[in-house]
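Task: produce atomic coordinates for the following.
(chains A and B)
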Amino acid sequence: MVITEKKPFEEIKKMLEGVKEIYITGCSLCATSCMTGGEKQILEMKEALEKEGKIVTGYTVLDPSCNKLQVRSTLKKNKEALEEADAILCMACGDGAQTVAGVIETKPVYPANNTMFIGEVERIGHFSEVCKACGECELAWTGGICPVTRCAKGLLNGPCGGSRNGKCEVNSENDCAWVLIYDRLRKLGQLEKMLDIKPPKDYSKAYNPRKVVVQR
Amino acid sequence: MGLQEKLNSGRFTVTCEMAPPKGVDTQKFRECARAVKGRVDAVNVTDFQSAVVRVSSLGASVILIEEGLEPVMQITGRDRNRIAIQGELLSAGALGIKNVLALTGDHPVFGDHKTTKPVFELDSVNILQIASTLMEGKDFAGNPLNKAPEFYLGASVTPLFDPMELQVIKMQKKIKAGAKFFQTQAVYDVEVLKRFKEKIEGLNAKILVGVIPLKSPGMANYMNKNVPGIRVPDEIIERLKKAEDKQKEGLKIAAEFINQVREEKLCDGVHIMAIGAEENIPILLDMCNL
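Numbers count the residues shown, from 1 in each chain, chains lettered A, B, ... in the order given. I've put the predicted structure just below:
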C-alpha cells in the first residue's frame, strides 16, 4: 500500500491562498486506509476550509485515484461542481494527485498529503516501510525480509558495526534488518544463502520514470 | 618498511588514526603527523568520520605522504556511488597511496549535514570487490585501465557482536573480496579478544586490535552506553575513578592491554585511536617500549 500523511493545514492554507472555491477528491483505497483521503477526512477538510471562508463546490472519493479511466469517468459525472471550482484539492497519494491533474488540465490541482512510502498496515494507523520498489526483488535469499528497505543503509552483505542488541543505531526503535535476516535464515536452515557476496545492485532497474507494459 | 611488509614480517605492528582538519589550515594536522612519525607503521585517515564535513581522506592522505608518513586511506560508501569510489581509488593509486581501508560509513543522522541524501550504493564488501577489480587492471564495468593500481586492502571488524556468527560471515566476505588486514573496534577485555580469535580461527588475515585510551570514567560510561561493539569492563572504570591523574591511568590501562596482547601473541598489532589526543600516542608507545 502507498502510505500517505496529511500535510499540515497551514501548508494547505498557503497553497490555497487566493482560491475561493474548491473541489475535493479523495481515494477509496490506500488514502482511505491511511485516514488521509476517505470520506470522513474529506468532510473534516471541507469543514476546516469553510471555517477559513472557502466554498467547497463538491467532493468525490475516487475509486481509486490512481486509475486514469476511473478518474476521468467519475470526474465527468461531477462536471458541474468541478467547473464552479477555482482549484482541486486532492486527498490521495502523489500518484493519485497526478492522475487527477492529468485529467483536469484547466484547473490547478493541489496535494493535501505527503506520500511517504510503500508499506504495510501493522494495525490501524500504524504503518511501516517495507519495500523501496528497487525493481530487483531480493527477498528470495533474505528469508522474506528486505535489507534494501529495512536496513537504514540498504546493505546487501550483512550488518554494519552499528547494530546493537538486535537494534539499529540510526533509530533504536528499529530492528537491525540483518539480525532479523540471520535469525530467519537460521530457522529455515538456509544460512548458506548469506555466504555469497552480493554485488552492488543494478540501479538502472530504478532509473525513473519507469514504465511497465504487460505483454499479452 | 611499509605496512604490508611489516605485517607480513610477523613483527608487532602499530597504526594510529587521525581525522583531517575541518578547514584548510593544515598546521595542527601536520604537527600531529610529525609527533607520531617514525613511531607508527601507518596512519589511518578517516573519511568524513561521523558524517561530518572536513578535508577529504584522499587530500589528508596526500598531506601525510608529504610529511613522510604512510597513510591508510579510509573510504566509505556513504557519500559516493561506484563512479566516484573508483575515481577516488584511482586518484589514491596515482598519488602513491597504497593502503585502503573500506568501510560502510556512519549514517548521516550522526553528522553535521543531517538533511543530506545518503548514497550507500556500495557496502564495505562491494568497495573491496571494486578495489580488487581495479587491481586487475579494469574498472567495475570491465573497461581496461592504462595501469592498474596496487593496493593493500583492509577492513574493520567488531570482536564484540551479537550474534557473533553474523559478524564472522561478513568478515569472511570481506576477506573473499580482497581484505588482507583488519582493524577492530576498540577492545578493553583480553578475554573478548581471545573468544574472537577462536571464532575466526582459520581465516587468513592480519588483525590489528583497536585501542582507544580512556581519558575519564565518564568517557568509558559514554562509550558503553552509546558506541555499539565497545564494552569497558567495570573494574577498568573503577580504576579510572580511583586514579588521581585519570588521563595517565587511561594510558597505563591501554599500555597494559597492548603489552599483554603482544606478549600472548593474540594479534598482529594494534590500531590506536586517540580521538583528538594524538600527542598521547608517543607517550603510550614509550610505555610499551614500542
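
quick one: the helices in chain A?
A:9-15, A:30-33, A:39-51, A:68-77, A:79-84, A:94-103, A:147-150, A:177-188 (DSSP state H).

Actually, chain B.
Under DSSP H, chain B gives helices at B:3-9, B:27-36, B:57-66, B:82-94, B:124-135, B:164-176, B:190-199, B:217-226, B:234-242, B:246-263, B:280-287.

For A:Met91, find the nearest of those.
helix B:82-94 (40.5 Å; CB to CB). The way it works is simple: take the backbone N, C-alpha and C, and place the C-beta from them, glycine included.

Show me which residues of the closest one are buried.
By neighbour count on 16 or more other CB atoms under 10 Å in any protein chain shown, the buried set for helix B:82-94 is B:82, B:85-86, B:88-93.

Equivalent analysis for stretch B:76-83, please.
In stretch B:76-83, counting by 16+ other CB under 10 Å, buried: B:76-80, B:82.

before we move on, what about stretch B:105-116?
Buried positions in stretch B:105-116, judged by neighbour count with 16+ other CB under 10 Å: B:105-108, B:111.

close to chain A, is that stretch?
Yes: Stretch B:105-116 reaches chain A (CB under 8 Å from any CB of the partner chain) through B:105-107, B:109.

In chain A, where's the longest strand?
strand A:113-123 (DSSP state E).

so what strands line up beside that strand?
Partners of strand A:113-123 in the sheet, by DSSP bridges, are strand A:2-6 (antiparallel), strand A:126-131 (antiparallel).

Show residues contacting that strand.
A:1-7, A:31, A:33, A:36-37, A:91-95, A:97, A:127-133 (CB atoms under 8 Å, 6 or more residues apart in numbering or on different chains).

Please pick the buried ones from these.
Buried among the contacts of strand A:113-123 (16+ other CB under 10 Å): A:1-4, A:6-7, A:31, A:33, A:36-37, A:91-94, A:97, A:127.

quick check: domain ranges of chain A?
A:2-116, A:133-206 (automatic domain parsing).

Between the two ends of the shortest one, what distance do you get?
Just to be clear, that refers to domain A:133-206. Taking CA to CA, to the nearest Å, domain A:133-206 runs 8 Å from one end to the other.

now swap in stretch A:87-105 and tell me
First-to-last distance for stretch A:87-105 - CA to CA - comes to 11 Å.

Give me the sheet partners of the helix-or-strand element of chain A with minimal mean pLDDT and which way each runs.
Here the helix or strand of chain A ranked lowest by mean pLDDT, DSSP states H and E is strand A:163-164, holding a mean of 93. Taking DSSP bridges as the criterion, strand A:163-164 forms sheet pairs with strand A:167-168 (antiparallel).

List of residues touching the strand it pairs with?
So strand A:167-168 is contacted by A:151-152, A:162, A:173-177 (CB under 8 Å, 6+ apart).

try it again with 6 Å
Defining contact as CB atoms under 6 Å, 6 or more residues apart in numbering or on different chains, one finds that strand A:167-168 is touched by A:152, A:174, A:176.

So what's the model's average confidence on it?
Strand A:167-168 shows a mean pLDDT of 97.

Repeat that for stretch B:23-42.
Here the average pLDDT along stretch B:23-42 is 96.
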